[in-house]
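*Asks:* Kindly return the folded structure for what I paste below:
(one chain, ligands or ions: 1)
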Amino acid sequence: MLEIKDVQSFYGEALVLNGVTMNVKPGEVVALLGRNGMGKTTLIRSIMCLAQPQVRAGSIKWNGEELLGLKPHGVAQRKIALVPQGRRLFPSLTVTEHLTMIKPTSVKEGWTAEKIFDMFPRLAERRSHRGNQLSGGERQMLAVGRALMIDPEVVLMDEPSEGLAPVMVQHLETIIAELGKTGLGILLVEQNLYSALAVCDRVYVMETGRIVHEASAAEVRTDHSSLMKYLVVQ
Ligand SMILES: Nc1ncnc2c1ncn2[C@@H]1O[C@H](COP(=O)(O)OP(=O)(O)OP(=O)(O)O)[C@@H](O)[C@H]1O
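*Replies:* Got it, this is the predicted structure:
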């Protein structure tokens, strides 16, 4: 289980996360909602121990072990994967190379490039295409596939549906729901309430660096009037 407690994160002297407490249990799809600039990406970066922001208070524990102070590759070694905002692919590497640079083809355990291609047939068709030759949807599929190649127990997804056509968003929702059923924990950063509700079990809402609301997805589906002031409605 991922347990975030009273986290305060700074960029320079600017306090951006001000006492964030939340958790993600195994097999749970948890949505972190909030408008632009509220601190969602900062929380993801804090969990991954990326160089910025600086976490100056609180704890981020994974199965009881403190993550703060680790290097990002140490976080990844603990089976925590990131699908970053903007996908961050290598323009000159092929689809296959993006996957096999994480795990060589000789390793047959866990996720393999072939299993990723089974999940995303479109990527299989494009396996020899380079990062800069892919559409936005294909890039997002590859970003998810690449994250899975570390055989994660939890995946942090930073606005994976951003900029995608509605049909791609639906495809991605199906994949996220299926992954959740396999026992993977997923922290899904979203701005769109309805997109999050299509897949998640639980919802947190962030506003200016604080969690201002927590509810089960079932509660929010029944009545989300109290959340609307915090969210983008599309
Ligand atoms: N590298 C940085 N240096 C200084 N301030 C930053 C940096 N990155 C983000 N911020 C500021 O921190 C605040 C939170 O940003 P963050 O990117 O975490 O928000 P967000 O909720 O993920 O929004 P978005 O959906 O736009 O990504 C914003 O005020 C932003 O301007």
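*Asks:* Every contact and neighbour count from this point should use C-alpha atoms.
*Replies:* OK.
*Asks:* Under the pLDDT cut-off, which ranges of this protein? List them.
*Replies:* Where the chain drops to pLDDT under 70, the residues are 232-234.
*Asks:* Quick check on the residue nearest the centre of it: phi, psi?
*Replies:* Geometric centre of the chain, nearest residue: M157, 1.3 Å, by Cα atoms, centre = their mean. Note on M157: backbone dihedrals following degrees, to the nearest 10 are phi -120, psi 120.
*Asks:* Check whether it really touches I80, as I assumed.
*Replies:* No - using Cα atoms under 8 Å, M157 is not in contact with I80; the gap is 10.9 Å.
*Asks:* how about the residues of the chain near the ligand?
*Replies:* Counting by Cα under 6 Å from any ligand atom, the residues of the chain close to the ligand are 11, 16, 35-42.
*Asks:* If we use 5 Å, what do you get?
*Replies:* Residues of the chain lying close to the ligand by Cα under 5 Å from any ligand atom are 11, 36-42.
*Asks:* Please flag which of those residues sit within strands.
*Replies:* Y11 (DSSP state E).
*Asks:* Which one of the residues of the chain next to the ligand sits in the busiest neighbourhood?
*Replies:* Within the residues of the chain next to the ligand, most neighbours by other Cα atoms under 10 Å means K40, with 28 neighbours.
*Asks:* which non-adjacent residue is nearest that residue?
*Replies:* Among residues not flanking K40 along the chain, V189 sits closest, at 6.7 Å (Cα to Cα, 6 or more residues apart in numbering).
*Asks:* So the one you found sits against E159, correct?
*Replies:* Yes - between V189 and E159 there is a contact under Cα under 8 Å: 5.1 Å.
*Asks:* From start to finish, how long is stretch 200-219 in a straight line?
*Replies:* When the termini of stretch 200-219 are compared using Cα to Cα, to the nearest Å, they are 12 Å apart.
*Asks:* Can you list the buried residues in that stretch?
*Replies:* For stretch 200-219, the neighbour count (16 or more other Cα atoms under 10 Å) marks 200-211, 214, 217 as buried.
*Asks:* next one: stretch 89-100
*Replies:* Buried residues in stretch 89-100, counted by 16+ other Cα under 10 Å: 89, 93-100.
*Asks:* What about the closest residue to V55 other than its chain neighbours, how many residues nearby?
*Replies:* Spatially, and ignoring its direct neighbours in sequence, V55 is nearest to S9 (4.2 Å; Cα to Cα, 6+ apart). Applying other Cα under 10 Å, we find 27 residues neighbouring S9.
*Asks:* is it true that S9 lies in a helix?
*Replies:* No - using DSSP: H, G, I helix; E, B strand; the rest coil, the assignment for S9 is strand, not a helix.
*Asks:* is it in a bridge, and if so with what?
*Replies:* Under DSSP bridges, the beta-bridge partners of S9 are L17, V55.
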